[in-house]
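A.B. asks: Here is my input, please return the structure:
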Amino acid sequence: MSNTTYSPTAVDAEHTVDRNDRLVIGASSVGAVFEWYDFYLYGSLASYITTHFFSGVNETTGYIFALLAFAAGFAVRPFGALVFGRLGDLWGRKNTFLVTMLLMGLSTFAVGLLPSYAQIGVAAPAILILMRLVQGLALGGEYGGAATYVAEHAPHGKRGFYTSWIQTTATLGLFLSLAVILATRLGMGEDTFKEWGWRIPFLVSILLLMVSMWIRLKLQESPAFQRMKEEGRGTTQPLKESFARWGNLKIVVLALVGLTAGQAVVWYTGQFYALFFLEKMLKVDGALTNTLVAVALLIGTPFFVLFGWLSDRIGRKRIILAGCLLAALTYFPLFKALTWAANPDLARAAASSPVTVIADPADCSVQFDPVGKTVFNRSCDIAKSYLAKAGVTYQNQAAPAGAGAQVKVGDQVIASFPGQTLPKAEFNARKTAWEKNMGAILAAAGYPAKADPAKVNKLGVVAILTLLVIYVTMVYGPIAAMLVELFPTRIRYTSMSLPYHIGNGWFGGFLPTTAFAMVAATGDIYYGLWYPVVVAAITFVIGALFIRETKDVDIHD
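C.D. replies: Coordinates of the predicted model:
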């Protein structure tokens, strides 16, 4: 990192506030909103994706597969950062993020036209994952370009404020995707939406693509990049300078572990995992879930700009790390409070009649079938499969070796049955009867099949979700400015993009999948929270010890 702090120079003449600033911020932000809209449609519609593209496997596996396909787009984001970051440092900021936008929009439109598993078999999920990979590569190049472009136009002392508008785009994109989904659902009804209407939000993206491309074509190249090229100070090897030289690589690693990893898990927990938790774990109606999350996002979004502005005054580091610390300390109580607010019947049942699976650990499998051929027919698997599908949290208790599994609901004990030796027809009939009996017992103990909309404390849910979003704004609002300030102009696009996208693509993007798999493996609906809590805590410690403040660094080198 450069030790140069800002002092007035001739550069200021090129970096004062003028009427073009609104176009720079607006065009960069509108394009990014569109790209995030495209990217998050998939996550918001994961349940429908499961039904139409992963119907060849059991329900729990299908949902994990759908989340994995969602995560696939995140997995390739660092590679997109390398490819497009290099192009951005060689070719220019504007041209690069025009290409990324085009790739993003076309791949999203294609998902809306893709035949289902029932129509073309395994080709459907294969093509779907390919489209997700294209989206991820494109998004890997988008963020670094937009953030760098805006920061290089910003006057000194306002980089946090200017780039915070870019930070609102991910939330606004998610909000827009939820709004379009909700409008489509309400307009055509839930049954039609489930059958084919879920495709409409993907198809609508082609109109947004055309508008966004038209706006971005009006932009000029970044003045810092233009001046660097005119003065012959550019690089011909941005990858080598960024990652093969220890001085810069050390900053890349610290930026990842001490900033973006924690920022990412707080971001995805507050906005995406909260949505999954409400709909999948707490069984809140999908339309109501989307509405409550959208309201919280609407309330919380201005805080991105507030914390970006504040970071220009008190520094980026302390705001980002404070958000990580608050998240690590409060996630467990907040999500438990969310359960009481969103599905009080479930919370009361879990408190008064806790469920325990008593089984020989050797009789139990992880409830994940990657090829869709495994039959969960052992007594423990039969019990856990049903409880996972029903969204019932449970504890595990070891039984003696060879003992059959039992499910304890409050004081009542229900024996499962071994199905390994039963003929398929007999096994299916016995399993159906056992699940019907288990469902009746759970219902008698107060466990609801779904959250009762009339009992959802909507104000309480929105308040908790809004607090989670405010944590997001603390860690995310100042991050773009800080990453830009860590690296020199000639390799800035490449250097900042990689730690950002490893953090957000891997640590954050895999969070819903990892957390849900942790819940499925343990039966504890809160167990998945350990993942973001531990990562956020590590980032707080590393960031506090090894990351220095950057707000006064002169980036026009």
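A.B. asks: Next, count neighbours for F79.
C.D. replies: Neighbours of F79 under the rule other C-beta atoms under 10 Å: 17. In short, each C-beta sits where N, CA and C put it, glycine included.
A.B. asks: isn't there a helix covering it?
C.D. replies: Yes. Applying DSSP: H, G, I helix; E, B strand; the rest coil, one finds F79 inside a helix.
A.B. asks: Look up how far S107 lies from it.
C.D. replies: Separation of F79 from S107 (C-beta to C-beta, to the nearest Å): 15 Å.
A.B. asks: next one: A27
C.D. replies: For A27, the distance to S107 - C-beta to C-beta - is 22 Å.
A.B. asks: quick one, strands of the stretch 351-500 of the chain?
C.D. replies: Using DSSP state E, counting those that start in this stretch, the strands of the stretch 351-500 of the chain run over 355-359, 395-398, 406-409, 412-415.
A.B. asks: Other residues contacting the last one?
C.D. replies: It refers to strand 412-415. Here strand 412-415 makes contact (C-beta atoms under 8 Å, 6 or more residues apart in numbering) with I358, S379, G404, A405, Q406, V407, K408, N437, M438, I441, A445.
A.B. asks: JSON lines for those, including distance to E549, neighbour count and pLDDT?
C.D. replies: Shown next, in JSON lines, are the contacts of strand 412-415 (distance: C-beta to C-beta, whole Å; neighbours: other C-beta atoms under 10 Å; pLDDT from 0 to 100):
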{"residue": "I358", "distance to E549": "54", "neighbour count": "21", "pLDDT": "94"}
{"residue": "S379", "distance to E549": "58", "neighbour count": "25", "pLDDT": "92"}
{"residue": "G404", "distance to E549": "61", "neighbour count": "17", "pLDDT": "91"}
{"residue": "A405", "distance to E549": "56", "neighbour count": "23", "pLDDT": "93"}
{"residue": "Q406", "distance to E549": "58", "neighbour count": "18", "pLDDT": "95"}
{"residue": "V407", "distance to E549": "55", "neighbour count": "27", "pLDDT": "95"}
{"residue": "K408", "distance to E549": "54", "neighbour count": "17", "pLDDT": "95"}
{"residue": "N437", "distance to E549": "62", "neighbour count": "11", "pLDDT": "94"}
{"residue": "M438", "distance to E549": "57", "neighbour count": "20", "pLDDT": "94"}
{"residue": "I441", "distance to E549": "58", "neighbour count": "17", "pLDDT": "94"}
{"residue": "A445", "distance to E549": "54", "neighbour count": "18", "pLDDT": "93"}
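A.B. asks: before we move on, back to that, export the strands of the stretch 351-500 of the chain to JSON lines and tack on distance to V484?
C.D. replies: Below are these laid out as JSON lines (distance: least, C-beta to C-beta, whole Å):
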{"stretch": "strand 355-359", "distance to V484": "50"}
{"stretch": "strand 395-398", "distance to V484": "47"}
{"stretch": "strand 406-409", "distance to V484": "55"}
{"stretch": "strand 412-415", "distance to V484": "59"}
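A.B. asks: now for the ones you listed, which one comes closest to W246?
C.D. replies: Closest to W246 of those is strand 395-398 (C-beta to C-beta; 46.7 Å).
A.B. asks: which element follows the helix or strand of the chain with the lowest mean pLDDT toward the C-terminus?
C.D. replies: In the chain, the helix or strand scored least confidently by mean pLDDT, DSSP states H and E is helix 223-230, which has a mean of 64. Following helix 223-230 in sequence order, the next helix or strand is helix 238-243 (DSSP states H and E).
A.B. asks: Touching that next one from outside, list them.
C.D. replies: Under the criterion C-beta under 8 Å, 6+ apart, residues 82, 85-86, 89-90, 235, 248-249, 252, 487, 490-491, 493-495, 498 lie in contact with helix 238-243.
A.B. asks: show me what contacts T473?
C.D. replies: So T473 contacts Q167, G300, T301, F303, F304, L306, F307, G323 (C-beta under 8 Å, 6+ apart).
A.B. asks: 10 Å - rerun?
C.D. replies: Listed by C-beta atoms under 10 Å, 6 or more residues apart in numbering, the contact set of T473 reads 164, 167-168, 171, 266-267, 270, 300-308, 319, 323.
A.B. asks: In helices only, show me these.
C.D. replies: Using DSSP state H, the subset of those located in helices is 164, 167-168, 171, 266-267, 300, 302-308, 319, 323.
A.B. asks: now the residues you listed: which count as buried?
C.D. replies: Taking 16 or more other C-beta atoms under 10 Å as the criterion, what is buried in these is 164, 167-168, 171, 266-267, 300, 303-305, 307-308, 319, 323.
A.B. asks: Quick check: the farthest pair among these?
C.D. replies: The farthest-apart pair in these, when distances are taken by C-beta to C-beta, is V266 and V305, at 17.9 Å.
A.B. asks: For the stretch 351-500 of the chain, which segments are assigned as helices?
C.D. replies: Ranges of helices in the stretch 351-500 of the chain, per DSSP state H, counting those that start in this stretch, are 379-390, 424-444, 458-476, 479-486, 492-502.
A.B. asks: Redo those helices as a markdown table? Include distance to E241.
C.D. replies: Below are the helices of the stretch 351-500 of the chain laid out as a markdown table (distance: least, C-beta to C-beta, whole Å):
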| stretch | distance to E241 |
| --- | --- |
| helix 379-390 | 49 |
| helix 424-444 | 60 |
| helix 458-476 | 28 |
| helix 479-486 | 14 |
| helix 492-502 | 8 |
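A.B. asks: do you know which of those lies nearest T539?
C.D. replies: Taking the helices of the stretch 351-500 of the chain one by one with C-beta to C-beta, helix 458-476 is closest: 8.8 Å.
A.B. asks: Quick check: mean pLDDT of that closest one?
C.D. replies: The pLDDT scores in helix 458-476 average 97.
A.B. asks: List the buried residues of it.
C.D. replies: Neighbour counts over helix 458-476 (16+ other C-beta under 10 Å) mark 461-476 as buried.
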